[in-house]
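Colleague: next one to model:
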Amino acid sequence: MPTLSSAGIGSGLDVASIIDGLMAVERRPLQIIAGKQQLYTTQISAYGELIAGISSFQASMEDLNSVTALDKFKTSSTNSELINITSTDNPDFGNFDVEVIRLAEFHKMASNEILSTDTFGGTAGDSLTIQVGSDIADIITVDLSTSQTLTEIRDAINDDENNPGVRAALVNGDNDLQKLILTSDDIGSVNALTLSYGGTINSATLGLQTLNDIGGDTSLLDSEFIIDGFVITRFKNTISDVISGVTFELNSAEVGTTSTLSITRDTGGTEAEVRSFATAYNTLISSIQSQRSGALGTDNILLSIETQVKNILNSSVSTSSLSTLTDIGLSIDKDGVMSLDSETLTTALETGYSNVALLFSAEDDGFANRLSTLADNWVGSNGFISTRTEGLNLRIDALSDRQLSIERNLLLVEARYRAQFSALDILVSQFQSTSQFLTSQLAQLPNLRLNNQ
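Modeller: Numbers count the residues shown, from 1 in each chain. Below you'll find the predicted structure:
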């Protein structure tokens with residue numbers, strides 16, 4: 001049976017157009033799948049924006065979810081070159097006059113000027129021992145039974161893995177002379193260096209002497225300052241145990257000069273924290289309202305979130321003398337916008353900052369505490385928005401698998417159509433050939449009849 005190289009040539013049918021039309025019908029399920037994928041993708045994007053808004057809201061709630069969240073303070077120093085406050089934690093308030101008499105120092109010792117080639121020791125039992133502080137366990141001993149130069153003594157001290165807190169250095173002068181410098185790792189008398197010797201080595205061997213101007217009194221390595229007439233010494237310059245809740249740094253000493261440290265409440269900072277609650281709420285509601293005109297417009301999740309938030313805001317707190325948000329000046333107007341009345345907040349703060357803080361942070365009861373927990377129920381790893389997003393992603397994956405399956409099947413369908421129409425084309429061609437033959441034979445019948453007459 002003859003075959004045709006191009007479908008439709010034998011029959012005259014527009015086979016290509018017929019097959020394209022049939023395949024367009026077959027591909028309609030792919031269009032439906034693509035539409036669903038686009039819908040789910042748009043919803044996932046919308047949920048992502050909603051999650052971002054809720055996460056920002058939750059972060060704001062976490063900032064308020066502490067009894068110390070509203071503890072904002074102002075600190076100042078009249079002479080920060082001498083002393084400045086570095087941190088506060090529930091501090092005592094007031095103005096404190098401070099005179100810095102002396103800063104705590106590193107204990108430093110220096111040897112005589114010694115030739116770099118000179119060696120020390122060489123006799124069994126010769127040694128140099130350095131003790132750091134008062135603990136006899138904090139020692140390092142340099143074995144000088146084999147004679148050593150200053151360079152070798154320095155290296156022996158610095159390379160000892162059990163070094164208790166002393167560093168050695170060399171200062172090179174003229175005529176190949178050197179000095180060995182010993183310095184404690186930390187400041188104050190608790191880190192003062194004490195030397196002892198063994199064998200033929202003694203204090204005159206190296207001539208190590210204290211460089212600090214303390215006249216042999218290591219207690220003068222400590223800082224000394226006067227606060228409101230109270231003379232105080234410490235073995236450091238960062239002071240955190242003198243004014244309760246205040247850490248200050250001694251930067252320089254200047255006898256006779258008094259600096260004033262001031263610690264007061266920062267009511268503006270506290271108000272800003274409370275106002276941040278209103279801002280976070282307004283931002284969340286605005287985000288929800290913007291989603292209503294988008295892909296989540298018919299999703300009841302938006303109404304559910306808004307309702308749950310408002311239910312909490314309209315409730316009361318039982319663990320504070322203040323029970324509602326209106327007690328501190330927070331209210332929602334007819335347009336749904338929350339605002340803060342500063343005068344009402346100031347009045348509330350006069351009852352105690354902790355009362356206002358507990359209104360937000362009381363465990364299982366405070367507004368920020370409950371709203372943060374509520375937000376976690378929405379966007380946490382097992383939150384219902386996160387779960388819904390995960391479900392949509394699974395649907396998209398399933399649709400993609402279905403799409404691949406349909407596309408593979410369409411290849412087979414198209415091949416079947418082409419085979420069927422090719423066979424039809426051949427058959428029609430054969431019928432046409434037969435028709436032409438019969439037509440030709442029938443056309444000759446009148447001639448045959450005339451010849452027979």
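Colleague: C-alpha from now on. contacts and neighbour counts both.
Modeller: Fine.
Colleague: let me see the contact set for the closest residue to Asn191 other than its chain neighbours.
Modeller: Spatial nearest neighbour of Asn191, chain neighbours left out: Gly133 (4.3 Å); criterion: CA to CA, 6 or more residues apart in numbering. Contacts for Gly133 were tallied using CA atoms under 8 Å, 6 or more residues apart in numbering; they are Ser189, Val190, Asn191, Ala192, Leu193, Thr194.
Colleague: other SSEs contacting the longest helix along the chain?
Modeller: The residue-count maximum for a helix in the chain (DSSP state H) belongs to helix 384-452. If contacts are counted by 3 or more CA pairs under 8 Å, 6 or more residues apart in numbering; DSSP states H and E, helix 384-452 sits against helix 15-26, helix 28-64, helix 367-379.
Colleague: re the thing from before, tell me the pLDDT at the residue nearest to Asn191?
Modeller: The score at Gly133 is 96. That number is its pLDDT.
Colleague: which of the contacts of Gly133 fall in strands?
Modeller: Leu193, Thr194 (DSSP state E).
Colleague: list only buried entries from the contacts of Gly133.
Modeller: Those of these that meet the buried threshold are Ser189, Val190, Asn191, Ala192, Leu193, by 16 or more other CA atoms under 10 Å.
Colleague: tell me the one among those nearest to Leu359.
Modeller: Taking CA to CA as the measure, Leu359 lies nearest Val190 of the buried ones among the contacts of Gly133, at 46.6 Å.
Colleague: in contact with Arg102, which residues?
Modeller: Asp222, Ser223, Glu224, Phe225, Ser252, Ala253, Glu254 are the contacts of Arg102 under CA under 8 Å, 6+ apart.
Colleague: if we use 7 Å, what do you get?
Modeller: Counting by CA atoms under 7 Å, 6 or more residues apart in numbering, Arg102 makes contact with Ser223, Glu224, Phe225, Ala253.
Colleague: top of the residues you listed by number of neighbours, please.
Modeller: Ser223 (25 neighbours; other CA atoms under 10 Å).
Colleague: pretty sure that residue contacts Ala104?
Modeller: Yes - Ser223 lies in contact with Ala104 (CA atoms under 7 Å); the separation is 4.0 Å.
Colleague: common neighbours of these two, please.
Modeller: Residues touching both Ser223 and Ala104 (CA under 7 Å, 6+ apart): Phe235, Lys236, Asn237.
Colleague: care to break the chain down by domain?
Modeller: 32-69+268-388, 73-104+222-265, 106-221 (automatic domain parsing).
Colleague: let me see the mean pLDDT of the shortest one.
Modeller: Throughout domain 73-104+222-265, pLDDT has a mean value of 95.
Colleague: right, so of the domains of the chain, which gets closest to Leu427?
Modeller: Across the domains of the chain, Leu427 has its closest neighbour in domain 32-69+268-388 (37.1 Å, CA to CA).
Colleague: report how many residues lie close to the closest residue to Asn162 other than its chain neighbours.
Modeller: Nearest non-adjacent residue to Asn162, counting by CA to CA, 6+ apart: Ile140, 7.4 Å away. Using other CA under 10 Å, Ile140 has 21 neighbouring residues.
Colleague: and Ile140, which of the three is it?
Modeller: Following DSSP: H, G, I helix; E, B strand; the rest coil, the label given to Ile140 is strand.
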